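# show me how the following folds:
(3 chains)
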Amino acid sequence: MDLLADLNPPQREAVTHGGGPLLVLAGAGSGKTRVLVHRIAYLIREHAIPPARIVAVTFTNKAAHEMRQRIDALLGGSVARPIWIGTFHAICSRILRIDGERIGVPTGFAIYDEEDQRRVIRDSLEALRMDERRFPPAVIHAMIGRAKDEALDAGRYAARAASFLEEAAARVWRVYQERMRAQGALDFDDLIGEVLRLFDDHPDVLSKYQDRFAQVLVDEYQDTNHAQYLLVRSLSGRHRNITVVGDDDQSIYKWRGANVRNILEFERDYPDATVVTLAQNYRSSKTILAAAHAVIQHNPHRHPKDLWTANDPGVPITIHEAGDGGEEARFVIDEVRAHLASGGRLRDGVILYRTNAQSRVLEEECLKAGVPYQVVGSVRFYERKEVKDILAYLRLVANPSDNLSLRRALATPRRGIGDVTLGRLAAYAAAAECTLLEAMRRPEALQDTPRATTGALHAFLKVIDDLRALSADRTASQVITQALTLTGYQQMLEAEATDDAASRLENLRELITVAQEVEESTGEVGLIAFLQHLALVADVDTYRDDLDRVTLMTLHSVKGLEFPVVFLTGLEEGLCPHARAFDEEGGLDEERRLCYVGFTRAKARLVLTHARSRAIFGSPSISVPSRFLDEIPDDLLTRAAPRPVESKALSVTAGGRSHRRGPLVHFDVGARVRHAKFGEGEVLEVEGEGEGTIVTVRFPSAVKRLALTYAPLERAE
DNA sequence: GTAATGTGTTTTTTT
DNA sequence: AACACATTAC
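Reported below is the predicted structural model:
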């Protein structure tokens, strides 16, 4: 197959680039995945690079999987198998599995998810006798996480701590890290950090990987953080064959430590870098691209680029204003059905939103309308209780020092072991400096413990030991199958005999299927590899493009995907852009990029919706259309005819878009007020107080209900 | 030791 | 509205 056919000149230049650093600035829809895939194939076939000497970093496992398949499709057979393709986390996890013991990371190390990490943070706070109210675990956790993104460790962080809270975080970090180490656990950030430490402390290990990787490629480079930057620099340090691909306009993970400077300053880091710009968009209609451009243009500090397309203008962009979230959802679903009626498919459509909480209404309306859908993210499969419960047993088998998993496994199914017994074990373990599991095996740890309890403990130990014996020579899926029965979990759910229990059992069966799929696609069949793989599954990895269903997901998850029809919902001030972004430096720019990412997913049709009122924490609140809507030129738009509104006496408007500055003014009934647009009027009614206040005012032209927070209203006279 | 009940918190975004 | 967590009742 001709690897260069159908590539435009810059794409071809990127694909055929020989050695040395290469930066590919790839605008949305410009065929960047194609370039990466063809480049890797080209390196293998034309430059005779052995596949095993290539490492390619992708943003999701799904992208990794796809890339592998596409390379195989180009070169035939399973040539791509030996290539290291995966996310930063998956690749680091693999390196640690191989060489982690050099720095005291056990082969079977556990990867703690958000919930697990939070628990360890709270335990650490408790151990330090620090009050959760004064030091919120979530805040401390985030501070530590951000410092790890910067490749700091507890010591260096403590040394530069500049505030009381930072000093507190530094103290918690030390205890947190000690506890994590004691139970052989790593958090997501540690995966990167520990590899950096491994490379620092053991030059021979670093050398091994540097020699091995003749070519290093990184996708979505604009979303790498400093630690990842250092890692890439290390890995490519020997051969200096590094290819990075990205688009600064699509950087949407600053909050996770992503540093756009990595891409903006690549040429400074590598003065001999070749820079290729991909400016032709093959995805979207002219109209969609123009709208996206109009919006993103409002951001300062961009790498200037002139994205263009030869595609047709296509249809105008639709903006629809709904009364509330439910109405918005019904509008979107009606549109989906109309698309269906005119010969389209469900899988053509994606419904996007800023926050996961917005998915519920959409989901409800899909159910009501009988429209098949899939939600990506929100309640994650691997974070479901039953899945985590079973995994706790397996994690304990893989890593006997994982006390957190032990506690979890011990609790379900109920076996009559509670806080008292656990307290005794913990006290013994602390004194004897052993793991909880080890303490269970020592009779002296359980003096004064009732017969029944020790019996239950021994039964539990036998389950763990049996599973461990199995895991030595069985595949992960086989071990899980056994675990369901040996632990009594299956029996417990069957005994419950409710729909809920049945669906949980179904989820556990699904887990076995997943294990089989992972075994097939990666060739790694062991329990440890499976558990570590599972911990690193991204939301979007669960997206199935083979099902004919409309897809619901967040703007973050949709990065890298494309759809013929895109619905972008909840375009309201405070939601998109999100209120939390307002007081952060550059926060608004990032929200705008997020919006840009949403727009540029659309091939043919883009539908933007907002609601006048939206439920926040269950109670309705007034919404103002997003400023991003104002940034789209009118000639690209059509406004969808408002649906017939059920007779709500008056709709609530802000009557203007300016945000009120300064303190809220209070008005009493009867007061004279002046509005920038409607003139002078009299207050007829005041509902609520503070931020949510709605006043009804009689103006010469009409009676209006106004949201006090937003309406440009002032006292007359 | 466990189930039932009450209460407070939550919503950014995710590997 | 939904969930985690704490308290209470058994």
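
# from here on, just use CA atoms for contacts and neighbour counts.
OK.

# residue A:75 reaches residue A:41, doesn't it?
Yes. The pair residue A:75 / residue A:41 is scored as a contact, 6.8 Å apart, by CA atoms under 8 Å.

# excluding chain neighbours, what is closest to residue A:389?
Distances taken as CA to CA, 6 or more residues apart in numbering place residue A:409 nearest to residue A:389, at 6.1 Å, with adjacent residues excluded.

# give me the more crowded residue out of residue A:75 and residue A:41.
Neighbour totals were compared for residue A:75 and residue A:41, and residue A:41 leads with 25 against 18 (other CA atoms under 10 Å).

# how close does the residue nearest to residue A:389 get to residue A:234?
39 Å (CA to CA, to the nearest Å).

# and if you look at residue A:323?
54 Å.

# which one of these two has more residues nearby?
Taking neighbours as other CA under 10 Å, residue A:323 and residue A:234 compare with residue A:323 leading, 21 against 18.

# name the helix or strand for the more buried one, please.
Using DSSP states H and E, residue A:323 sits in strand A:317-324.

# I'd like the mean pLDDT over that strand, please.
Here strand A:317-324 scores 93 as its mean pLDDT.

# same thing with stretch A:140-151?
Per-residue pLDDT over stretch A:140-151 has a mean of 91.

# again with stretch A:63-72
For stretch A:63-72, mean pLDDT rounds to 92.

# coming back round to it: number of residues surrounding the residue nearest to residue A:389?
For residue A:409, the count of nearby residues is 23 (other CA under 10 Å).

# what helix or strand is it located in?
Residue A:409 is part of helix A:403-411 when elements are defined by DSSP H and E.

# using CSV, write out every CA atom in that helix.
Extracted as CSV, the C-alpha positions of helix A:403-411 are listed here (Å, rounded to 0.1, in the frame of the first residue of the first chain):
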residue,chain,number,x,y,z
ASN,A,403,-4.9,-2.6,53.3
LEU,A,404,-7.5,-0.4,51.8
SER,A,405,-8.6,-3.2,49.5
LEU,A,406,-8.5,-5.6,52.4
ARG,A,407,-10.9,-3.5,54.4
ARG,A,408,-13.2,-3.3,51.4
ALA,A,409,-13.1,-7.0,50.7
LEU,A,410,-13.7,-7.8,54.3
ALA,A,411,-16.9,-5.7,54.4
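
# that one: how far from the chain's middle?
Its chain's C-alpha centre and that of helix A:403-411 lie 27 Å apart, by CA atoms, centre = their mean, to the nearest Å.

# can you find the helix or strand in chain A with the smallest mean pLDDT?
Using mean pLDDT, DSSP states H and E, strand A:652-653 stands out as the lowest-scoring helix or strand of chain A, at a mean of 34.

# mind giving me the packing neighbours of the next helix or strand after that strand?
Counting by DSSP H and E, the element after strand A:652-653 in chain order, helix or strand, is strand A:672-675. Here strand A:672-675 touches strand A:679-687, strand A:713-715, going by 3 or more CA pairs under 8 Å, 6 or more residues apart in numbering; DSSP states H and E.

# where exactly do the strands run in the stretch 551-700 of chain A?
A:563-568, A:602-616, A:619-622, A:637-639, A:652-653, A:672-675, A:679-687, A:694-698 (DSSP state E, counting those that start in this stretch).

# buried stuff in the longest one?
If I follow you right, that is strand A:602-616. A:602-614 (16 or more other CA atoms under 10 Å).

# can I get that strand in PDB, CA atoms only?
C-alpha atoms of strand A:602-616 as PDB (Å, rounded to 0.1, in the frame of the first residue of the first chain):
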ATOM      1  CA  ALA A 602     -19.200  18.600  14.000                       C
ATOM      2  CA  LYS A 603     -19.000  17.600  10.400                       C
ATOM      3  CA  ALA A 604     -22.300  18.700   8.900                       C
ATOM      4  CA  ARG A 605     -24.500  20.200  11.500                       C
ATOM      5  CA  LEU A 606     -24.100  22.100  14.700                       C
ATOM      6  CA  VAL A 607     -27.000  22.700  17.100                       C
ATOM      7  CA  LEU A 608     -26.400  25.000  20.100                       C
ATOM      8  CA  THR A 609     -29.000  25.200  22.900                       C
ATOM      9  CA  HIS A 610     -29.400  27.000  26.100                       C
ATOM     10  CA  ALA A 611     -32.200  27.300  28.700                       C
ATOM     11  CA  ARG A 612     -33.700  30.200  30.500                       C
ATOM     12  CA  SER A 613     -33.900  28.400  33.700                       C
ATOM     13  CA  ARG A 614     -31.900  25.400  34.900                       C
ATOM     14  CA  ALA A 615     -32.000  23.200  38.000                       C
ATOM     15  CA  ILE A 616     -28.900  23.600  40.100                       C
END
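
# which positions in chain A make contact with DNA strand C?
Neighbours of DNA strand C within chain A, by CA under 7 Å from any atom of the strand: A:119, A:617, A:618.

# tell me how far the first one lies from residue A:174.
What that stands for is residue A:119. 15 Å.

# equivalent analysis for the last one, please.
In this structure, residue A:618 and residue A:174 are 39 Å apart, going by CA to CA.
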